[in-house]
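Visitor: Would you be able to build a 3D model of this:
(2 chains)
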Amino acid sequence: MECHECQERPATLHYTQVINGHKTEVQICEVCAKEKGYMTYPEEGYSLHNLLTGLFNFDTTHVSTPGTHIQKEKEHQCPKCGLTFSEFKQIGKFGCGECYHTFSGSLNPIFRRVHSGNTEHRGKIPKRKGGSLHLKKQVVTYKAELQELIMNEEFEQAAVIRDKIKELDAKINQKEAGDSR
Amino acid sequence: MTLQHFMNEAISPWMREQGPNHDIVLSSRIRLARNFADVPFPIIADQKELEEIREFFKKHYEHRSFEEYQNFEFISIRDLTAIEKSVLVEKHLISPLLAKKEGAAATLISNNEQVSVMINEEDHIRIQIYFPGLQLTKALNKALEFDDWIEEKVNYAFDEKRGFLTSCPTNVGTGMRASVMMHLPALAMTKQINRMMPAINQLGLVVRGIYGEGSEALGNIFQISNQITLGKAEEHIIEDLESVVQQLIEHERKARTRILEQSGMELENRIFRSLGVLEYSRIIESKEAARCLSNVRLGIDLGIIKNVSRNILNELMVLTQPGFLQHYAKKTLTMAERDILRASLIRERLQFEE
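Guide: Numbers count the residues shown, from 1 in each chain, chains lettered A, B, ... in the order given. Sure, this is the predicted structure:
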């Protein structure tokens, strides 16, 4: 089928228009569709971030009370890379690692939407950069184990675990003292 | 070894091995997004900062090896011709986004093309690792080990609460995207795949076409990957993906058997007609080629077509892409010229089989 507009190229797009309850079918080629504004065609095709920008566009912290907007609110800006929160909402990307701290108060609702309600990392901890995190995680596991052992009155085993926790705590303190030096 | 090495063959060396469930699963991939802690992400960083990262990778990783991933080739995107870039994209060694970047964008590719690292894409570092067939756990373990190796020298942007920090909030946490490339002709033929998609999406997984976001399922090849990266451990994300993939495999096998039983002659007809088209066409466009290749591959898997190797689908799908055709012709081609060369390459490749 030929395109209704140019009558040259084959029609590849089929639109159903409803104007005032009146339905018309339009058969059109891609070139004409773009020209006549039937489709908005972003440079890189459909991208997730268009969707995201939509997701971010809601105010998370601001409670609108009349009069407050007269005094222009100082925009939240990342001290490291200079990205402002409204720029972040617009482009849907962070400018640097520090942005996560700078905007931290407004991020949970966004993460919840994007990651099915999750806001905190539960995966890999990098070996070097993770520092004492590994040990802290281990302490949490041991503490749970200790509770269980005490409940079951297995005190001998519990003492072993208690010592392990002490040992780890000492290591963590040592590491953190070293890190802050 | 040079860039030429990656350009000459349409299929990567690792693809020649058969992985588990290779009749349906073409490949498993793990991608990890990482960033330097003290440099702004590529979207904000200035040219000088990104250039330093590029230099860092060249200095520390060019021609180095990690376990079986030998002799990493370092390639700066700005040194490539347009055709060379398309070939690397068509072979899935780099992303279309990286290919579009100028300046300090680069890549490291292992000799066997199983590992590639994209430098200064959306994030500073993107590690990709491929395995043939369904081998997500193996791919994950290798990717995490490789990640440790990189971390020995790179100070990662990592936060106790949010995990690995990435430019896009959709990648934060694990920074991991796991994906599985599947050939699902029977589910596509019976339109079952369309009915299954909403359920798959509800599990936090996405179904896409062969060349990523927004692309069509050319040749009935679908890519299934995780959407969620925050709040779940890597192993759990993979478990969920794997279980859905297993179900898809089962449904695909059932659908194949059912079609064979209920309309065996029609199926056989369709398969052999496709083989005929591929064997005798003088002009063929990529969509038709993909459709026919998918049918022929199904015929091979069902034992209807013998003496043609399974790799024909993977290989010809890549070989008949615009970039590869032009690389082969050593010049830019119009669409009409490509359709002619495509037909002739396919004929040649099939004759080679007999």
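
Visitor: my guess is residue B:102 meets residue B:77, correct?
Guide: Yes. Under the criterion of Cβ atoms under 8 Å, residue B:102 makes contact with residue B:77 at 7.2 Å. (Glycine included, C-beta is placed from N, CA and C.)

Visitor: Just the element for residue 140, please.
Guide: Unless you meant another one, I'm taking chain A. Taking DSSP states H and E as the definition, residue A:140 sits inside helix A:133-151.

Visitor: wrong one, I was asking about chain B
Guide: Applying DSSP H and E, one finds residue B:140 within helix B:136-151.

Visitor: what helices or strands is that helix leaning on?
Guide: If contacts are counted by 3 or more Cβ pairs under 8 Å, 6 or more residues apart in numbering or on different chains; DSSP states H and E, helix B:136-151 sits against strand B:25-34, strand B:125-132, strand B:176-183, helix B:234-280.

Visitor: ok, back up a step: compare residue B:102 and residue B:77 and say which is more crowded by neighbours.
Guide: Using other Cβ atoms under 10 Å in any protein chain shown as the criterion, residue B:102 and residue B:77 rank with residue B:77 on top: 24 against 8.

Visitor: tell me the average confidence for the helix or strand just after the helix holding residue A:140?
Guide: Following helix A:133-151 in sequence order, the next helix or strand is helix A:155-180 (DSSP H and E). For helix A:155-180, the mean per-residue pLDDT is 81.

Visitor: Let me know whether the helix holding residue A:140 sits next to chain B.
Guide: Yes. Interface with chain B: helix A:133-151 contributes residue A:133 (Cβ under 8 Å from any Cβ of the partner chain).

Visitor: What are the boundaries of the strands in chain B?
Guide: Per DSSP state E, chain B carries strands over the ranges B:25-34, B:73-76, B:106-109, B:115-119, B:125-132, B:158-159, B:163-164, B:176-183, B:205-208, B:221-226.

Visitor: From the contact counts, what lies against the first one?
Guide: When contacts are defined as 3+ Cβ pairs under 8 Å, 6+ apart, strand B:25-34 packs onto strand B:125-132, helix B:136-151, strand B:163-164, strand B:176-183.

Visitor: for the ones you listed, which one sits closest to residue B:343?
Guide: With Cβ to Cβ as the criterion, residue B:343 lies closest to strand B:176-183 of these, at 22.4 Å.

Visitor: Tell me the pLDDT of residue A:41.
Guide: pLDDT, residue A:41: 45.

Visitor: That should have said residue B:7, apologies.
Guide: 82.

Visitor: One more: residue B:185?
Guide: Looking at residue B:185, its pLDDT stands at 95.

Visitor: so is the closest residue to chain B within chain A in a helix, a strand, or just coil?
Guide: In chain A, the residue that lies nearest chain B is residue A:118 (2.3 Å; Cβ to the nearest Cβ). Here residue A:118 is recorded as coil under DSSP: H, G, I helix; E, B strand; the rest coil.

Visitor: about what we covered before: so can I have a markdown table of the helices and strands packed on helix B:136-151 showing mean neighbour count?
Guide: Rendered in a markdown table, the data for the helices and strands packed on helix B:136-151 read as follows (neighbours: other Cβ atoms under 10 Å in any protein chain shown):
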| stretch | mean neighbour count |
| --- | --- |
| strand B:25-34 | 25 |
| strand B:125-132 | 24 |
| strand B:176-183 | 24 |
| helix B:234-280 | 16 |
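
Visitor: Spatially nearest residue to residue A:121, not counting backbone neighbours?
Guide: Excluding the flanking residues, the one nearest residue A:121 by Cβ to Cβ, 6 or more residues apart in numbering or on different chains is residue B:163, at 2.9 Å.

Visitor: The one you found: what's it in contact with?
Guide: Residues in contact with residue B:163 (Cβ atoms under 8 Å, 6 or more residues apart in numbering or on different chains) are A:121, A:123, A:124, B:172, B:173, B:174, B:175, B:230.

Visitor: Mind putting the helices and strands packed on strand B:25-34 into CSV with distance to residue B:91?
Guide: Shown next, in CSV, are these (distance: least, Cβ to Cβ, whole Å):
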stretch, distance to residue B:91
strand B:125-132, 10
helix B:136-151, 18
strand B:163-164, 27
strand B:176-183, 13
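
Visitor: continuing past the helix or strand bottoming out on mean pLDDT in chain A, what's the next helix or strand?
Guide: Between all helices and strands in chain A, the lowest mean by mean pLDDT, DSSP states H and E belongs to helix A:48-56, at a mean of 59. As assigned by DSSP H and E, the chain's next helix or strand after helix A:48-56 is helix A:85-91.

Visitor: what packs against that next one?
Guide: Taking 3+ Cβ pairs under 8 Å, 6+ apart as the contact cut, helix A:85-91 packs with helix A:48-56.

Visitor: Measure how buried the closest residue to residue B:104 other than its chain neighbours is and give me the count.
Guide: Excluding the flanking residues, the one nearest residue B:104 by Cβ to Cβ, 6+ apart is residue B:50, at 3.7 Å. For residue B:50, the number of neighbouring residues by other Cβ under 10 Å comes to 22.

Visitor: how near is residue B:235 to residue B:138?
Guide: 12 Å (Cβ to Cβ, to the nearest Å).

Visitor: Repeat that for residue B:161.
Guide: 30 Å.

Visitor: can you pull the contacts of the nearest residue to residue A:146 once chain neighbours are set aside?
Guide: Nearest residue to residue A:146, sequence neighbours excluded (Cβ to Cβ, 6+ apart): residue A:161, at 4.8 Å. Residue A:161 makes contact with A:142, A:145, A:146, A:149, according to Cβ under 8 Å, 6+ apart.

Visitor: how near is residue A:161 to residue A:136?
Guide: Taken as Cβ to Cβ, the span from residue A:161 to residue A:136 is 16 Å.

Visitor: What of residue B:300?
Guide: The value you get for residue B:300 to residue A:136, if Cβ to Cβ is used, is 54 Å.

Visitor: Comparing these two, which residue is more hemmed in?
Guide: residue B:300 (21 against 17).

Visitor: List the residues that contact that one.
Guide: So residue B:300 contacts B:306, B:308, B:309, B:310, B:312 (Cβ under 8 Å, 6+ apart).

Visitor: Could you restrict these to the ones contacting chain A?
Guide: Of the contacts of residue B:300, not one also sits near chain A (Cβ under 8 Å from any Cβ).

Visitor: Of these, select the buried ones using a PyMOL command.
Guide: Applying 16 or more other Cβ atoms under 10 Å in any protein chain shown to the contacts of residue B:300, the buried members can be selected in PyMOL as follows:
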select buried, chain B and resi 308+312
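
Visitor: Let me know the closest of the contacts of residue B:300 to chain A.
Guide: Distances from chain A to the contacts of residue B:300, taken by Cβ to the nearest Cβ, are shortest for residue B:312, at 29.5 Å.

Visitor: The closest one against residue B:294, yeah?
Guide: No. Counting by Cβ under 8 Å, residue B:312 does not reach residue B:294; the two are 10.8 Å apart.

Visitor: now the residue most central in space within chain A, nearest residue through space, not along the chain?
Guide: Of all residues in chain A, the one closest to the mean position by Cα atoms, centre = their mean is residue A:111, 3.9 Å from it. Once flanking residues are discounted, residue A:111 sits nearest to residue A:119: 4.7 Å by Cβ to Cβ, 6+ apart.
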